[in-house]
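Student: fold the following.
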Amino acid sequence: MTYQNTYSLPDAEEHKLLRKHYFRLAWIMIVLVLVFSGLNTLIMTISSGIMGGSFTEEGIKAGKQILRATPVMYAIYSYGFPIAADIAALGIGLLITKADLKSRLKTAGLSGKGFLGATAMTFSVATIAAFVNLILIFALMAAMGKLSDFSIENTTSVSIAPKGNPLWLDVLIYIYICLLGPILEELIFRGVLLEGLRKYGNLFGIIMSAVMFGLMHQNIAQCLPAVSIGLVWGYIAVKSGSLLPSILLHILNNTMSAVLLVVIQSVNINDLSNMAALLNVSVSLMLISSLISLFRLACVVGSIIIIVRYTSSAHGKLVETNGYTKARTWKYLFTSLPWLVIMGYLLVTTVTSISHLA
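Tutor: Just a heads-up that it's a prediction; the model follows:
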């Protein structure tokens with residue numbers, strides 16, 4: 001006998017509850033964007049106008065240069081506001097979703113073997129996504145007629161810590177990038193946001209939390225890799241029931257990127273045209289780059305083996321989905337005005353960030 005699953009559509013009462021649910025969830029992203037971009041920009045503009053002596057375009061521009069040259073002000077605007085935004089969004093998320101993050105931080109969630117597999121998947125998708133992203137950027141620059149002005153150096157955040165910073169500021173920058181930032185971002189995107197979005201479907205929650213994670217970078221050079229990694233980390237968070245694996249992988253990913261960029265910063269780009277100078281000046285760069293490339297290659301190979309082995313066994317679907325979840329997820333999110341505004345804003349800022357690559 002063959003059984004056919006049937007799933008009822010939301011009635012009028014559930015329709016209202018679904019609308020309310022997605023409206024409330026949108027406040028996590030609204031608060032994050034308002035503090036990170038809105039409040040930051042507003043206070044930065046007012047402060048720059050005061051420091052520059054006028055609120056004209058020239059005065060504000062001059063004031064910004066003064067503020068960015070002041071270590072304390074640079075720290076506040078570059079890292080103080082992002083931290084405040086993350087904490088505010090996390091607080092709102094906890095109030096809305098009632099997520100029990102404490103219990104999800106008590107358990108490791110994955111065995112040692114499982115964590116190695118997750119690590120391989122993380123760096124595999126990051127490597128492939130970065131390559132695809134670079135091709136897309138080249139295509140966009142060519143379509144805009146700016147390919148001749150394109151600088152591959154700008155496709156990554158080459159300047160992590162501006163030269164001449166006091167030691168305390170450099171320490172703060174690397175603590176945020178390699179430790180505090182990853183922890184806060186995982187608590188928000190794989191914690192409260194994913195927890196709220198997956199109420200009516202794990203697959204939906206994993207995809208949308210990853211998309212918002214990528215768009216929140218507001219940088220076209222980072223968006224696709226961040227979305228791709230976010231899919232892996234979201235899947236790991238759902239399957240393991242713990243946030244510790246994704247937090248550790250996020251810290252590892254950011255730390256490796258930071259180390260490589262620090263080495264790149266130490267190399268004089270002008271010397272790269274001279275092979276002798278290259279061998280003398282950037283041996284450390286070549287060594288670290290080679291090791292990281294080999295590591296990423298090993299991750300790609302390892303991921304292929306994992307995928308082949310998984311799909312050839314009777315494990316079923318990665319994340320179960322059905323008519324019930326489909327009727328209560330995509331339609332409601334993409335017809336929710338707050339979500340449309342937030343996604344529209346982040347899409348515009350991400351796409352227009354390509355102007356910084358020329």
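Student: pLDDT weak spots in the stretch 101-250 of the chain?
Tutor: In the predicted model, the stretch 101-250 of the chain carries pLDDT under 70 at residues 146-164.
Student: what ranges do the helices span in it?
Tutor: 101-104, 112-143, 167-175, 181-186, 194-197, 202-215, 220-240, 244-265 (DSSP state H, counting those that start in this stretch).
Student: export those to JSON lines and tack on mean neighbour count and distance to G344?
Tutor: Placement of C-beta: from N, CA and C, glycine included. Formatted as JSON lines, these follow (neighbours: other C-beta atoms under 10 Å; distance: least, C-beta to C-beta, whole Å):
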{"stretch": "helix 101-104", "mean neighbour count": "14", "distance to G344": "29"}
{"stretch": "helix 112-143", "mean neighbour count": "17", "distance to G344": "19"}
{"stretch": "helix 167-175", "mean neighbour count": "15", "distance to G344": "31"}
{"stretch": "helix 181-186", "mean neighbour count": "21", "distance to G344": "22"}
{"stretch": "helix 194-197", "mean neighbour count": "26", "distance to G344": "18"}
{"stretch": "helix 202-215", "mean neighbour count": "23", "distance to G344": "10"}
{"stretch": "helix 220-240", "mean neighbour count": "23", "distance to G344": "15"}
{"stretch": "helix 244-265", "mean neighbour count": "18", "distance to G344": "27"}
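Student: and K64, which of those is closest to it?
Tutor: helix 167-175 (17.6 Å; C-beta to C-beta).
Student: which elements pack onto the closest one?
Tutor: helix 71-75 (3 or more C-beta pairs under 8 Å, 6 or more residues apart in numbering; DSSP states H and E).
Student: mind redoing it with 10 Å?
Tutor: On a contact count with 3 or more C-beta pairs under 10 Å, 6 or more residues apart in numbering; DSSP states H and E, helix 167-175 meets helix 71-75, helix 244-265.
Student: what's the spacing between the residue lying closest to V132 once chain neighbours are set aside and V33?
Tutor: Among residues not flanking V132 along the chain, L224 sits closest, at 6.5 Å (C-beta to C-beta, 6 or more residues apart in numbering). Separation of L224 from V33 (C-beta to C-beta, to the nearest Å): 20 Å.
Student: do the same with M144
Tutor: M144 sits 26 Å away from V33, going by C-beta to C-beta.
Student: if I pick F81, what's in contact with it?
Tutor: By C-beta atoms under 10 Å, 6 or more residues apart in numbering, the contact set of F81 is V35, F36, S37, L39, N40, T41, I43, M44.
Student: ignore what I typed, I meant M212.
Tutor: 28-29, 32, 188-189, 193-194, 197, 226-227, 230, 339, 342-343, 346.
Student: distance of the residue lying closest to L197 once chain neighbours are set aside from I251?
Tutor: In this structure, L197 finds its nearest non-sequential neighbour in G205, 3.7 Å apart by C-beta to C-beta, 6+ apart. Separation of G205 from I251 (C-beta to C-beta) stands at 23 Å.
Student: give me the distance from stretch 219-229 to the chain's centre.
Tutor: In this view, stretch 219-229 has its centroid 7 Å away from the chain centroid, taken as C-alpha atoms, centre = their mean, to the nearest Å.
Student: and what of stretch 31-40?
Tutor: With C-alpha atoms, centre = their mean, you get 16 Å for stretch 31-40.
Student: so who does the closest residue to G114 other than its chain neighbours touch?
Tutor: Excluding the flanking residues, the one nearest G114 by C-beta to C-beta, 6+ apart is S240, at 7.5 Å. Residues in contact with S240 (C-beta under 10 Å, 6+ apart) are R104, T107, A108, G109, L110, S111, G114, F115, A118, S246.
Student: got JSON lines for the residues you listed, with distance to W330 too?
Tutor: Output for the contacts of S240, formatted as JSON lines (distance: C-beta to C-beta, whole Å):
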{"residue": "R104", "distance to W330": "26"}
{"residue": "T107", "distance to W330": "31"}
{"residue": "A108", "distance to W330": "33"}
{"residue": "G109", "distance to W330": "28"}
{"residue": "L110", "distance to W330": "29"}
{"residue": "S111", "distance to W330": "34"}
{"residue": "G114", "distance to W330": "30"}
{"residue": "F115", "distance to W330": "32"}
{"residue": "A118", "distance to W330": "27"}
{"residue": "S246", "distance to W330": "24"}
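Student: right, and out of those, which lies closest to M51?
Tutor: So of the contacts of S240, ranked by how close each gets to M51 (C-beta to C-beta), first place is S246, at 40.3 Å.
Student: for the closest residue to N133 other than its chain neighbours, give me its contacts.
Tutor: Spatial nearest neighbour of N133, excluding adjacent residues (C-beta to C-beta, 6+ apart): L224 at 4.1 Å. With contact taken as C-beta under 10 Å, 6+ apart, L224 is in contact with I128, A129, A130, F131, V132, N133, L134, L136, I137, G214, T350.
Student: again, only this time at 8 Å
Tutor: Listed by C-beta atoms under 8 Å, 6 or more residues apart in numbering, the contact set of L224 reads A129, A130, V132, N133, L136, G214.
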